[in-house]
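Asker: just to be clear, the model below is a prediction. Sequence and coordinates:
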Amino acid sequence: MIPTTVRLNFPSIQFLQPCSHKSARPTAPEFLHPWPPPPPPPPPPPSPLPTNGAFLSQKTLNDEISAKQEQQLEEVRSVLRKVVEEEDSLKGLVMIDALQRLGIDYHFREDIENVLHSQYMNSSSHSFTYQHDNLYEVSTCFRLLRQQGYNVPTDVFDKFKDKDGRFKTELSEDIRGLMGLYEASQLSIEGEDILDQAADFSAQQLNGWLTHLDNHHQAKVISNTLRHPQHKSLAKFMAKNFLSDYNGPNANVLQELAKIDFNMSPSMYQKEMLQVSKWWKSTGLGNELKNARNQPLKWYLWSMATLTDPSLSEQRVELTKPISLVHIIDDIFDVYGTLEELILFTEAVNRWELAAVNELPGYLKICFKVLHDSTNEIAYGVHKKYGWNPIDSLRRTWAILCNAFLEEAKWFASGQLPKAEEYLKNGIVSSGVPAVLVHMFFLLGHGMNKESVDFIIDNPDIITSTATILRLWDDLGSAKDENQDGHDGSYVDCYMKEHEGSTAETARKQVVDMISDAWKRLNRDCLSPNRFSANFTQGCLNTARMVPLMYCYDDNRNLPILEEHMKSMFHDKYTRLILLEHPQWDG
């Protein structure tokens, strides 16, 4: 570990205090007795059950909502079918964009694919040479097709450039087109200079408009576009803003449909949070590691943001378990364990035998047992559901992660910073992202065979690109974990030591450029064809999209952007529940 502690690139980590807690660790004989942990106190008496009339009233209301929702779903499907028949490309593109921004596109996957496939086939038959000069339509078509995996060439934008190769000055008057161009530029892959130019040009022009627009609503829309481009944002958190702004085709139906979805989501998430909380308490880790962060519901936010399809409720709950364990184990390696203990713990994880922890202190024995049991339970569930036993792959994943943690611990003990490249290579693994995404791959259960499993374990580009974004965002120094003690090491530190005379500003610019390059690689990896299911690909993208929300701390060590999204998304009582460990978030 480097001299300044490297944190896992997931939510904030409150470090463990080595001195205050060591005296409280159980001795080896005590480990024979505390598992499973003592049962929790009996629950309070249940509230009186509703009367039969209340049950019937609620059932009637639910039936009415479901019937209304189904009617609206069919109405939207009918419109999308007509779009294909009538070849009304702009209307179809605007509707699909709205469905995605409202987070209700999962209802219409097949219909959306039909519209976009028809659009792609029509465009490719004309060599992507559009007969019109509508910058918004060309930009939106390019973005939606690329998001769907179609590799549309960037020369569709050539017609908007002058003889000197610059974007035409008259485009500066087309605010809607500029916003579309900026959104499209976020889908760039390596080597696409024209999209880099598009991003610079559109951002410059839109920022210019912000300085003298009298229309405050339009200024707000432009500002949101620049701060939260659709491709790099989570629709789940941005939907409410878009809900009030949308006035395109079938606005009333789409808004009503989105409101139904929006109002149904909190109860689903509440049930999942309760399951996560129950599991976490059953592990006993919150009690055993009293100075560790105890924030399973905040860790659940990663699962909620990553797997957005309502049908993936079980997967969200199960994915929170490895996320939680990555946090706890990272805490132990950062500050809590001695180097000798960490070496023994890593050896135990590599052997994956309960007997291998006999020489460890009690807190590490309990941690290993929770890791061992939770992983085996996940593997059993995957095997039961999909017929593939992933235990060997999951064991290997945890061993690889702990080996990376141990490498950082040795750096820390030696007092030596590694080379920047060496730091990043190890930091991608120690971020915990590869371990979590491997679990996600198996929990989703798509395309599991020996070839795909071997491929996923070797950290393919789609995983390393996502992990790089996480690692480097944290290393920018924008993330100061709440209540965090100790030191932070980063790519910036390693870079400045390696390049004598370089400034922190130079190093940070290097990191910003590297994050941009990682996004370009991730965009490339999501184009068709790729080896992964749509849910897995989307999960990787959503993980990268969640990073700024989890790492933009203010001077008071709060997460204002995430706080705002949570309060707009949940009713107040649900906000208080999900942010239980952060009373300062409860407005």
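Answerer: Arrived safely.

Asker: pLDDT score assigned to residue 400?
Answerer: On the pLDDT scale, residue 400 is placed at 98.

Asker: quick check: buried residues in stretch 431-447?
Answerer: 431-445 (16 or more other C-beta atoms under 10 Å). Just so you know, the C-beta spots here come from the backbone N, C-alpha and C atoms, and that holds for glycine as well.

Asker: stretch 128-146 too?
Answerer: Here stretch 128-146 shows 128, 135-146 as buried, counting by 16+ other C-beta under 10 Å.

Asker: also stretch 384-404?
Answerer: By neighbour count on 16+ other C-beta under 10 Å, the buried set for stretch 384-404 is 388, 390-391, 393-395, 397-402, 404.

Asker: what do you get for stretch 76-93?
Answerer: 76, 79-80, 83-84, 88-93.

Asker: so where do the strands sit in this protein?
Answerer: With strands called from DSSP state E, the chain shows none.

Asker: low pLDDT regions in it?
Answerer: 1-62, 127, 130-131, 477-488, 571-587 (pLDDT under 70).

Asker: how about a cut-off of 50?
Answerer: Residue ranges of the chain with pLDDT under 50: 1-40, 43-47, 49-50, 55, 478-488, 576, 580, 582-587.

Asker: how is it divided into domains?
Answerer: For the chain, the structural domains run 53-258, 273-479+490-552, 554-587, going by automatic domain parsing.

Asker: dump the buried residues of stretch 76-93 into TSV; add distance to residue 350 as well.
Answerer: Formatted as TSV, the buried residues of stretch 76-93 follow (distance: C-beta to C-beta, whole Å):
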residue	distance to residue 350
76	52
79	56
80	52
83	56
84	55
88	60
89	56
90	57
91	58
92	53
93	52
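
Asker: so which of these sit within helices?
Answerer: Among the buried residues of stretch 76-93, the ones falling in helices (DSSP state H) are 76, 79-80, 83-84, 89-93.

Asker: can you show me the CA trace of stretch 201-208 as CSV?
Answerer: Listed next in CSV are the C-alpha coordinates belonging to stretch 201-208 (Å, rounded to 0.1, in the frame of the first residue of the first chain):
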residue,chain,number,x,y,z
PHE,A,201,-17.4,23.9,-30.3
SER,A,202,-20.8,23.1,-28.8
ALA,A,203,-19.7,23.7,-25.2
GLN,A,204,-18.2,27.0,-26.1
GLN,A,205,-21.3,28.2,-28.0
LEU,A,206,-23.7,27.0,-25.3
ASN,A,207,-21.7,28.6,-22.5
GLY,A,208,-21.8,31.8,-24.5
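
Asker: for it, which positions count as buried?
Answerer: 201-203, 205-206.

Asker: what's the answer for stretch 293-311, then?
Answerer: Under the neighbour-count criterion of 16+ other C-beta under 10 Å, stretch 293-311 has 293-308 buried.

Asker: which of these fall within helices?
Answerer: Short answer: those in helices (DSSP H) are 296-306.

Asker: would you mind giving the residues you listed as CSV with distance to residue 553 added?
Answerer: Shown next, in CSV, are those (distance: C-beta to C-beta, whole Å):
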residue, distance to residue 553
296, 20
297, 19
298, 14
299, 17
300, 20
301, 15
302, 17
303, 21
304, 20
305, 18
306, 21
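
Asker: now do the contacts for residue 73.
Answerer: If a contact means C-beta atoms under 8 Å, 6 or more residues apart in numbering, then residue 73 has 107-108, 257 as its contacts.

Asker: so which of the residues you listed belong to helices?
Answerer: Using DSSP H, the members of those that fall within helices are residue 257.

Asker: quick one: which of the contacts of residue 73 is most hemmed in?
Answerer: residue 257 (22 neighbours; other C-beta atoms under 10 Å).

Asker: residues contacting residue 394?
Answerer: Per C-beta under 8 Å, 6+ apart, neighbours of residue 394: 375, 378-379, 438-439, 442.

Asker: can you tell me how far it is from residue 125?
Answerer: 46 Å (C-beta to C-beta, to the nearest Å).

Asker: and residue 283, by the same measure?
Answerer: Relative to residue 125, residue 283 is positioned 58 Å away (C-beta to C-beta).
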